[in-house]
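K.L.:
need a structure here:
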Amino acid sequence: MSKRESTDSDPDLLWTPSDPASSQTDLFRQHINSTLRLSLHSYQDLWEWSCSHRSDFWSSLWDWEHVIGTKGQSSTTIPIVDESATPADNPVWFPEADLNWAENQLRHHTSRPDDIAVIQTSEPCGGWSPPVRRITQAQLYILVGRVQRSLRKAGVGKGDRVAFWGGNCSEAVVVLLATSSIGAIFSSAAADFGVDGVIERLEQIRPKIIFVTNGVVYGGTARPLLPLLPTLLSTLTKPPDRLVVILHLPEELARVPQDLARDTEDWNGWLDQEEGEVEFLRMGFNEPIWILFSSGTTGRPKAIVHRQGGMLLDSLREHHLAGDIGPRDVYFYYTTPGWMMFQYLVSGLATGATIVLYEGSPLKSPSFLWSLIDELGITVFGTSAKWIEQISKHYPDVGSKHSLSTLKQILSTGSPLPPHLFDFVYEKVKKDVLLGSVTGGTDICSVFAGRNTSLSVYRGEIQSRMLGFALDTDTGPDLPGELICNRAFPVEPLGFWPLRGHGFPESEVETAQKRFKESYFKDDKGIWYHGDYVQITRPRSGNAGGILMLGRSDGVLNPGGIRFGPTDIYSVLENEEFASLGVEETLVVGLMVEGGADEKVILFIKMREGRELDETLIKKIKTSIRSARSARHVPGKILQVSDIPLTLTGKRVEVPIRKLINGAPVQSINPATLRNPDCLAEYVRLGEHLRREEENREV
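P.N.:
Numbers count the residues shown, from 1 in each chain. You can find the predicted model right below:
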């Protein structure tokens with residue numbers, strides 16, 4: 001034991017696996033030792049080896065997970081990856097491989113045809129109690145085949161974009177699988193983006209076909225989507241060739257407007273009626289599979305393109321190798337189709353697990369999801385730190401009201417999970433459960449650090465850095481700093497859309513490439529800067545060090561675990577209408593509340609000389625943001641300020657002001673970088689006032 005390691009008597013130790021030697025991670029370590037004649041004794045040994053021998057690690061993982069496809073033979077002339085390449089080089093991985101992501105997700109339809117693949121459920125709505133829908137592996141395979149043939153009849157082929165907008169339903173899963181099966185590129189948007197947010201995303205990718213549900217359910221209320229379609233279709237520069245409507249809700253709750261009938265097709269009528277085999281197009285490891293969108297911090301949302309091989313192989317590493325998820329598991333994550341956790345959840349199909357789709361509010365009835373665990377036998381339950389925090393306040397005696405006998409893991413993401421919520425879970429929910437706080441994001445559509453069933457859980461810490469990712473901070477051991485990845489990794493995006501070869505002007509391709517480089521690479525060392533502010537802790541029990549999440553190093557907002565960028569707010573307010581009302585400049589940042597478990601959006605407004613920010617204008621601002629975006633985008637506080645701090649080049653500075661209002665000293669900001677540093681004192685005073693308000697509210 002190294003002098004920096006502690007023993008299992010550590011007071012922060014909350015949970016230890018009963019049989020770590022039987023975990024997939026430890027069995028894999030033993031396999032590596034046997035096949036490669038190594039002597040790796042701990043997770044730390046395995047992690048260090050996986051980072052320094054990435055070709056061997058990822059190749060061995062392919063074999064361990066029995067990936068369907070052709071891997072190719074690693075050699076000195078054609079290696080799995082050029083290990084000298086940096087993340088900025090974004091090297092090709094598995095250059096000789098051929099595979100199909102969807103084929104691997106559906107690989108259990110022959111060996112376990114009667115197993116339940118998907119369970120769809122929803123909260124009640126307007127007197128309608130939706131039945132639980134269960135789809136077997138065999139039924140899912142047939143549905144994918146029908147959609148695949150319909151897509152081909154519609155002229156959709158390799159490289160075309162297919163978009164989905166709407167509810168968290170089984171049709172979304174089927175469309176994703178069918179799209180991938182033919183090499184087309186999937187993208188989706190959540191219903192709560194608002195029509196402007198959907199337009200911003202779809203305008204960039206120009207989908208050939210759009211699927212939309214007639215509505216969604218949230219908070220016990222039906223929310224129709226179809227009345228928004230005329231605005232969407234008339235605004236898109238290149239409308240889709242086909243628009244297919246899925247009657248997700250009963251027609252009495254979300255009717256199809258008469259004037260839309262001629263422009264749309266009904267899902268059941270569009271769907272191919274024959275039952276036949278699915279034809280999987282096997283492609284290279286580095287072919288695009290889907291486009292996810294960033295929150296839009298520095299402009300319009302970034303269209304992030306992910307590679308199919310990376311998404312497959314790393315999800316198997318995450319779900320099966322790190323998480324021990326398999327055919328006997330029922331896997332749930334609270335998500336919408338507009339969040340990367342949708343793909344993260346669907347990827348669980350490759351393990352043989354049952355995935356659970358839920359639509360509705362997670363808190364309309366605080367007991368609902370806990371009852372769902374018992375009703376469906378959920379073994380792996382994914383949620384957000386904000387939800388756990390709300391449960392701790394409004395439904396604290398969970399363990400005494402629910403059996404939770406099947407529950408093995410609780411996963412938390414969206415924002416850092418504070419130490420006191422670790423205590424709540426183990427004291428009030430269940431003692432024998434792995435509480436896995438995870439971090440990754442849309443940028444990688446994966447997890448950089450998170451749970452591992454072979455390791456202990458320590459209070460307030462993410463368990464471990466994931467195998468194959470050479471994570472560190474830019475400041476060194478035990479010091480807070482930016483989370484970086486020093487070496488190339490296979491879930492690095494291919495880039496931002498558009499990629500070359502998909503019919504877009506070269507100028508747009510070059511702009512996307514430039515923006516991609518500027519987003520993640522700050523220096524000439526080629527290091528990936530992830531945007532998280534973290535501290536890697538000292539190693540304990542061979543875990544190679546856990547991770548403490550300290551916040552974001554950029555301006556992304558995260559109220560209630562819903563991530564979006566300041567630009568979502570700026571774009572609503574920066575127009576002639578608000579300028580005529582006196583709005584001159586704006587700045588939006590996040591104030592940490594609930595002990596760091598949540599964030600409140602604060603909007604600062606500089607008014608034109610002689611104009612005041614009155615209640616009428618504040619109401620109009622909130623209404624406009626709610627209409628263009630969603631209710632979740634509406635700032636918690638709108639304040640008038642004398643000036644908005646700008647850099648020497650005229651850019652707003654969200655991150656420094658966020659630090660100031662959360663208590664950082666004004667000396668933490670270099671005044672030489674600002675055009676108007678004298679205004680910082682005002683934000684220090686406002687921050688003190690805002691923090692006092694929150695302290696009094698919490699008391």
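K.L.:
chain center to the one helix or strand residue 392 maps to: distance?
P.N.:
Per DSSP states H and E: residue 392 is located in helix 385-394. Mean-position distance between helix 385-394 and its chain equals 20 Å (Cα atoms, centre = their mean, to the nearest Å).
K.L.:
For it, report the contacting residues that lie outside it.
P.N.:
334, 362-363, 366, 398, 412-418, 421, 424-425, 428, 437, 560-561, 594, 597-598 (Cβ atoms under 8 Å, 6 or more residues apart in numbering). C-beta coordinates here come from the backbone N, C-alpha and C atoms, glycine included.
K.L.:
Could you list which of the residues you listed belong to strands?
P.N.:
Judged by DSSP state E, strands contain the following of the contacts of helix 385-394: 412, 413, 437, 598.
K.L.:
farthest-separated two in the residues you listed?
P.N.:
437 and 598 (15.0 Å; Cβ to Cβ).
K.L.:
Please say which of the two ends up with more neighbours.
P.N.:
Between residue 437 and residue 598, counted using other Cβ atoms under 10 Å, residue 437 has the larger neighbour count: 28 against 22.
K.L.:
can you pull the contacts of the nearest residue to that one once chain neighbours are set aside?
P.N.:
Leaving aside its chain neighbours, residue 437 sits nearest to residue 417 (4.2 Å; criterion: Cβ to Cβ, 6 or more residues apart in numbering). By Cβ under 8 Å, 6+ apart, the contact set of residue 417 is 385, 388, 435, 437, 460, 549, 597.
K.L.:
give me every residue that touches residue 98.
P.N.:
69, 70, 282, 283, 284.
K.L.:
burial count for the third one?
P.N.:
Summarising burial for residue 282: neighbours were counted as other Cβ under 10 Å, giving 14.
K.L.:
pLDDT-wise, which helix or strand of the protein ranks last?
P.N.:
strand 547-552 (a mean of 81; mean pLDDT, DSSP states H and E).
K.L.:
what sits up against that one?
P.N.:
With contacts defined as Cβ under 8 Å, 6+ apart, strand 547-552 is touched by 416-417, 437, 439, 449, 460-462, 464-465, 480, 483, 531-537, 558, 592.
K.L.:
ok so, going back, just the buried residues from the contacts of residue 98, in PyMOL please.
P.N.:
Buried members of the contacts of residue 98, defined by 16 or more other Cβ atoms under 10 Å, are picked up in PyMOL with:
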select buried, resi 69+283+284
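K.L.:
Make TSV out of the contacts of residue 98 and add pLDDT, distance to residue 662 and secondary structure.
P.N.:
Formatted as TSV, these follow (pLDDT from 0 to 100; distance: Cβ to Cβ, whole Å; DSSP: H, G, I helix; E, B strand; the rest coil):
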residue	pLDDT	distance to residue 662	secondary structure
69	98	48	strand
70	97	52	strand
282	98	50	coil
283	98	46	strand
284	98	45	coil
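K.L.:
between the contacts of residue 98, which is nearest residue 192?
P.N.:
The closest of the contacts of residue 98, once distances to residue 192 are taken by Cβ to Cβ, is residue 283, at 33.1 Å.
K.L.:
out of everything not next to it in sequence, what's closest to that closest one?
P.N.:
Spatial nearest neighbour of residue 283, excluding adjacent residues (Cβ to Cβ, 6+ apart): residue 183 at 5.5 Å.
K.L.:
and the one you found, how far is that from residue 349?
P.N.:
19 Å (Cβ to Cβ, to the nearest Å).
K.L.:
These two: who's more crowded?
P.N.:
residue 349 (26 against 22).
K.L.:
A helix includes the more buried one, no?
P.N.:
Yes. Residue 349 sits within a helix when classified using DSSP: H, G, I helix; E, B strand; the rest coil.
K.L.:
nearest residue to it other than its sequence neighbours?
P.N.:
Setting aside the residues directly before and after it, residue 349 is nearest to residue 105 in space (Cβ to Cβ, 6+ apart), at 4.3 Å.
K.L.:
what would the contacts of residue 98 look like in CSV with distance to residue 169?
P.N.:
Below are the contacts of residue 98 laid out as CSV (distance: Cβ to Cβ, whole Å):
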residue, distance to residue 169
69, 29
70, 34
282, 28
283, 27
284, 31
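K.L.:
In terms of distance to residue 471, which of the contacts of residue 98 ranks first?
P.N.:
Comparing the contacts of residue 98 against residue 471 with Cβ to Cβ places residue 284 closest, at 26.9 Å.
K.L.:
Would you check that that closest one makes contact with residue 97?
P.N.:
Yes. Counting by Cβ atoms under 8 Å, residue 284 touches residue 97, with 6.4 Å between them.
K.L.:
Residue 398: what's it in contact with?
P.N.:
Residue 398 sits next to 370, 391, 404, 428, 429 when contact means Cβ under 8 Å, 6+ apart.
K.L.:
Quick check: the gap between the last one and residue 404.
P.N.:
Looking back up the chat, that one is residue 429. 7 Å.
K.L.:
ditto for the fourth one
P.N.:
Residue 428 sits 11 Å away from residue 404, taking Cβ to Cβ as the criterion.
K.L.:
which of these two has more neighbours?
P.N.:
residue 404 (19 against 16).
K.L.:
quick one: contacts for that one?
P.N.:
370, 373, 374, 398, 429, 430, 433.
K.L.:
Report the two of the residues you listed separated the most.
P.N.:
Across those, the longest distance by Cβ to Cβ is 14.1 Å; it joins 374 and 433.
K.L.:
who has more neighbours, the two?
P.N.:
Comparing residue 374 with residue 433 by neighbour count (other Cβ under 10 Å), the higher total belongs to residue 433, at 18 against 14.
K.L.:
give the contact list for that one.
P.N.:
Neighbouring residues of residue 433 by Cβ under 8 Å, 6+ apart: 15, 404, 407, 408, 409, 410, 425, 426.
K.L.:
what about the third one, neighbour count?
P.N.:
Translated: residue 407. Counted with other Cβ under 10 Å, residue 407 comes out at 22.
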